[in-house]
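Asks: sequence and computational prediction follow.
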Amino acid sequence: MLIKRLRGWELPERRATSESLYLNRRALVQAMGLGIAGAALPGLALADDKAADPSAHFYPAKRDDKFGTPGPITAERLATTYNNYYEFGTDKSIWRDAQALQIRPWTIKVSGMVEKPFEIGFDDLLAKMPLEERVYRHRCVETWSMIVPWSGFAMKALVEFCKPTGSAKYVVMQTLSKPSVMFGQKDFLYPWPYTEGLAIDEATNDLAFIATGLYGKPIGKQNGAPLRLVAPWKYGFKNVKAIVSVEFTDKRPVCFWEKLQSSEYGFWANVNPQVPHPRWSQATEKPLGSAERIPTQIYNGYGEFVAGLYTNRKSEKLFM
Ligand SMILES: Nc1nc2c(c(=O)[nH]1)N[C@H]1C(S)=C(S)[C@@H](COP(=O)(O)O)O[C@H]1N2
Ligand SMILES: [Mo]
């Protein structure tokens, strides 16, 4: 039987990793006496990557439970291998391909209605932010859900750091553009780059969070490394990954999914079991790893913290 064994340098471009990663991986493979290619050992590649992460010493961060402890935490393996990340493909199993993304150096551009536009490196930003861990529910509009421990900082701390002017009403965030690695971006049917936004009062609500870690470690590339939004009272698509741009504006942005299909996805996207998606019910959800569906809660269970944001917005489509 003849089996073609790919060497590291024969890997297709989209599976390629940094040289040091490859060398580490090769050393491990040799040490273990396994005659198989690195591509077959994604678990090892992930472990290597974390060891090499210069922010690893920040984790685990101290847990803050002022928003409650929402229930049984989803298995790490599920939350890190079942993902939505259209830049890497439209199915759920993008985690391996996402490892090709280079996340250092990483620069975040702050622009628009701010005292002074600036750029900052991710590690410099991280060193200035108050890190903590929060266990949040996550509810995808497709009706799967999870409960995971994010590490990172309050979105409010980021907003304050950016010094928006009094006229700014929205904050808009964008994912990196890199079609050579994020090959989904070559599909011109989608309005790349992925863009999402919050109203300023939402962004400065205590619940809004920027995740830089997950399960007490730097966040994995498939989950949005090096930083992604977490707005747990909203449908998961609001939680833009791999952020490179933070812009303040007085105009409500039309974001990725709304541009694609405005009859199904809007700006506010707050979770509400009583407002069905045009093509399916939102009444229940399936936690990852569970056989049973459970009832979905209004604002995904965070109403006591965020319902007040919407009392003067009742005329808007708040739940799509
Ligand atoms: N850039 C980008 N961000 C994204 C998405 C995406 O396709 N691209 N998918 C969103 C959707 S629909 C969900 S449910 C969450 C999934 O996050 P997870 O993979 O960490 O569970 O990411 C959101 N952020
Ligand atoms: Mo989603």
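Replies: Noted; the coordinates are in hand. Numbers count the residues shown, from 1 in each chain. Ligands and ions are numbered 1, 2, ... in the order given.

Asks: would you mind listing what in the stretch 1-150 of the chain touches ligand 2?
Replies: 84, 140 (C-beta under 5 Å from the ion). In short, each C-beta sits where N, CA and C put it, glycine included.

Asks: which parts of the stretch 1-150 of the chain are helices?
Replies: 19-31, 42-52, 76-79, 95-98, 122-128 (DSSP state H, counting those that start in this stretch).

Asks: pLDDT averaged over the last one - what is it?
Replies: Helix 122-128 comes out with an average pLDDT of 98.

Asks: contacting residues around that helix?
Replies: 54-55, 58, 103-108, 158, 161, 212, 226-227 (C-beta atoms under 8 Å, 6 or more residues apart in numbering).

Asks: nearest to ligand 2 among these?
Replies: Each of the contacts of helix 122-128 was scored against ligand 2 by C-beta to the ion, and Leu227 proved nearest at 18.2 Å.

Asks: that closest one: what's it in contact with?
Replies: So Leu227 contacts 108, 122, 125, 152, 210-212, 219, 242-243 (C-beta under 8 Å, 6+ apart).

Asks: the chain against ligand 1: which residues are in contact?
Replies: 83-87, 140, 175, 194, 223-224, 236-237, 239-242 (C-beta under 6 Å from any ligand atom).

Asks: shouldn't Pro179 be in contact with Lys186?
Replies: Yes: shown here, Pro179 and Lys186 form a contact pair, counting by C-beta atoms under 8 Å, at 4.9 Å.

Asks: Thr143: neighbour count?
Replies: Neighbourhood size, Thr143 [other C-beta atoms under 10 Å]: 17.

Asks: that should have said Phe58, apologies.
Replies: For Phe58, using other C-beta under 10 Å, the count is 19.

Asks: show me the contacts for it.
Replies: 126, 131, 151, 212-213, 218.

Asks: any idea how far Gly71 is from Ser262?
Replies: 34 Å (C-beta to C-beta, to the nearest Å).

Asks: picking that back up, where among the helices of the stretch 1-150 of the chain is average confidence lowest?
Replies: Across these, helix 19-31 gives the lowest mean pLDDT, at a mean of 41.

Asks: residues near the closest residue in space to Asp97 that isn't next to it in sequence, how many?
Replies: The shortest distance from Asp97 to any non-neighbouring residue, by C-beta to C-beta, 6 or more residues apart in numbering, is to Phe88 (4.7 Å). Number of residues near Phe88 (other C-beta under 10 Å) recorded here: 25.

Asks: report the contact partners of the residue of the stretch 1-150 of the chain found nearest ligand 1.
Replies: Across the stretch 1-150 of the chain, no residue is closer to ligand 1 than Asn83, which sits at 3.2 Å (C-beta to the nearest ligand atom). For Asn83, the contacting residues are 92-95, 98, 222-223, by C-beta under 8 Å, 6+ apart.
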